[in-house]
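Peer 1: Build me a model:
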Amino acid sequence: SDRFKDRPNVIIRRHDLTESIEPLRSYRFDSAVSVNVFEHIADDERALKAVHALLEPGGTFTLLVPSHPALLGAFDRDIGHHRRYTKGELRRKLEASGFTVERIRRSNPVGALGWLVNVRLLGLRRLRGTGLFDRLVP
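Peer 2: Coordinates of the predicted model:
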């Protein structure tokens, strides 16, 4: 968040979206971005509804979540994942929360293959390089 401290048009707040969103209602959000967060939220549908309720009409929500539920394993659970999403499940949850879905696409097929081999087949519970990802993605 320090990267954005000098930008008056960027607001970064830490808030549990499964709790009351009233403290956030004074802000006007025209967009929201979530990178690898919703898989960690037990009640992801409630959190999605909160994001929708906080966005201005016509606002946009960009969401990155892990896919391929068959890849869910011990490593996922160790890092707090409740789930991995199918495209259909994600679409249903977004639409049930009030969003109009423009596009859902998968990315990083090489990463999925690496996850399959390292986590599901070899049973690794730690992966090299995840710290680098966490440092690069704000």
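Peer 1: for residue 51, phi and psi?
Peer 2: Main-chain torsions, residue 51, degrees, to the nearest 10: phi -60, psi -50.
Peer 1: likewise the one 3 residues further on?
Peer 2: Dihedral pair for residue 54: phi -90, psi -20, per degrees, to the nearest 10.
Peer 1: How about residue 96?
Peer 2: According to degrees, to the nearest 10, residue 96 has phi -70, psi -20.
Peer 1: And it, how close does it get to residue 23?
Peer 2: Separation of residue 96 from residue 23 (C-beta to C-beta, to the nearest Å) stands at 25 Å. Bear in mind the C-beta positions are built from the backbone N, C-alpha and C, glycine included.
Peer 1: Skipping adjacent residues, who's closest to residue 63 in space?
Peer 2: Of all residues not flanking residue 63 in the chain, residue 34 sits nearest, at 5.0 Å (C-beta to C-beta, 6 or more residues apart in numbering).
Peer 1: Am I right that that neighbour is in a strand?
Peer 2: Yes: assigned with DSSP: H, G, I helix; E, B strand; the rest coil, residue 34 falls within a strand.
Peer 1: Which stretches in the chain count as strands?
Peer 2: 29-35, 55-64 (DSSP state E).
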